[in-house]
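> give the three-dimensional model of this entry:
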Amino acid sequence: MSHDNAVLPVAATLSPPTTDTAAPDGQVAVDRSTGKRRRVGRAPLGRQNLVIRAASALSLVLIWVIAAAILPSSILPGPLLVIDALATDVQTGILWPNMWVTLTRTLGAFALAMIVATVFGVVMGLNRKAERFFDTWLIVGMTMPALVTIIVVFMVVGLNETGTIIAAAAPTLAMLTINVWEGIKGIDTKLIHMARAFRVPRSRVVSSVIMPQVAPTLMASARFGLGLVWKMILFIELLGRSDGVGYQIQFNYMLFNMSQVLAWALAFLVVMLVIEIGVFGLIERKLFHWRPKVHQA
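Numbering: from 1, shown residues only. Sure, this is the predicted structure:
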């Protein structure tokens, strides 16, 4: 076997798998596993995605409008009342300081949770003794009520910024660790052994064999973790902080001012959507640029 022919299996191994027959970008190919016709390629779908996202958002607003028309405004105010309340918060200058406090707490707790969960998940995925040892920890973490965990952290660390970040990260660690752990266990070791047999450099093995298999799990865990952490932060601010979005929601709820409650919730929801679409969307496009855009013909 010549040297060029020997490299071909490795190149095929390191390339993203596909079940479609070869077809130029934007043309129709046949999926050999299902027999269905698919359009493969990188044809721009930005306008179509934008229309779908806009229709989804409008449907949610429509449901809100219908529900607000049925219920009294003191219970569920409509979008216009909530937007007016949000504009008032912006004009008075109360919105941005509280938003910044909550956002920094959320990002700090998210970073802590992802780092710890990734370390434990990788160790458990690669070492069976560590897997058996920490498995009980995960069971305890999954079954322990989040409120109990938060209270214990506050009793040990204190009702301060450090305690807030740790208390928000701790209840999410078990679930994130399980996600990373399962992703590491799902790595196809046969591809790694084949790459080593053909003397592929270790850096290439990591970047072209291991990372493409692990990256989807890490991205899913990051999105899942951020959603959990910011809910925990709002809950903690509601429990025992004197600033932040959660505190403002609790304060206005005590006044039974539902317009302000929804205004604060809507403001932070917009910020999280910007992070989800703008930050995570950009990272996903960079990490998975090799994926062909496939949709039904």
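
> and the one residue sitting closest to the centre of the chain, how close does it get to Ile66?
Compute the mean C-alpha point of the chain, and by CA atoms, centre = their mean the closest residue is Arg223, 0.3 Å away. From Arg223 across to Ile66, the span is 29 Å (CB to CB, to the nearest Å). C-betas here are computed from N, CA, C, even on glycine.

> could you look up the SS state of Pro72?
Classification of Pro72 using DSSP: H, G, I helix; E, B strand; the rest coil returns coil.

> number of nearby residues for it?
Using other CB atoms under 10 Å as the criterion, Pro72 is surrounded by 9 other residues.

> how much space between it and Met258?
10 Å.

> ok, Gln213 next?
The spacing between Gln213 and Met258, counted by CB to CB, is 47 Å.

> what's the answer for Ala220, then?
Relative to Met258, and taking CB to CB, Ala220 is found at 34 Å.

> again with Ile75
When distances are taken as CB to CB, Ile75 and Met258 turn out to be 6 Å apart.

> any shared contact partners between those two?
With CB atoms under 8 Å, 6 or more residues apart in numbering applied, the contact sets of Ile75 and Met258 do not overlap.

> more crowded one of these two?
Taking Ile75 and Met258 together and counting by other CB under 10 Å, Met258 has the greater number of neighbours (20 against 11).

> which ones are touching the nearest residue to that one once chain neighbours are set aside?
Nearest in space to Met258, with sequence neighbours left out and distances taken as CB to CB, 6 or more residues apart in numbering, is Pro77 at 5.6 Å. Contact analysis of Pro77 by CB under 8 Å, 6+ apart lists Ala68, Ala85, Met258, Ser259, Leu262.

> among these, which are in strands?
Using DSSP state E, no member of the contacts of Pro77 sits in strands.

> and of the residues you listed, the nearest to Ile94?
Looking at the contacts of Pro77 and their distance to Ile94, the nearest is Ala85, at 11.3 Å (CB to CB).

> for that closest one, give its distance to Pro145.
Here the criterion is CB to CB. By it, Ala85 lies 33 Å from Pro145.

> ok, these two, which is more surrounded?
Set side by side, Ala85 and Pro145 show unequal neighbour counts under other CB under 10 Å, the larger going to Ala85 at 21 against 9.

> correct me, but that one touches Gln260?
Yes: with contact taken as CB atoms under 8 Å, Ala85 and Gln260 are classed as touching, separated by 5.1 Å.

> contacts only, for the nearest residue to Gly125 once chain neighbours are set aside.
Distance criterion CB to CB, 6+ apart; nearest residue to Gly125, sequence neighbours excluded, is Ile184 at 2.6 Å. Listed by CB under 8 Å, 6+ apart, the contact partners of Ile184 are Gly121, Val122, Met124, Gly125, Leu126, Val214, Thr217.

> pLDDT (mean, whole number) over the longest helix along the chain?
Secondary structure assigned by DSSP state H gives helix 95-126 as the longest helix of the chain. The average pLDDT for helix 95-126 rounds to 91.

> and what of stretch 55-68?
Mean predicted confidence for stretch 55-68 is 90.

> low-confidence ranges, the protein, go.
1-46, 287-297 (pLDDT under 70).

> tell me which element Arg132 falls in.
When secondary structure is defined by DSSP states H and E, Arg132 falls within helix 128-143.

> appreciated, that's everything.
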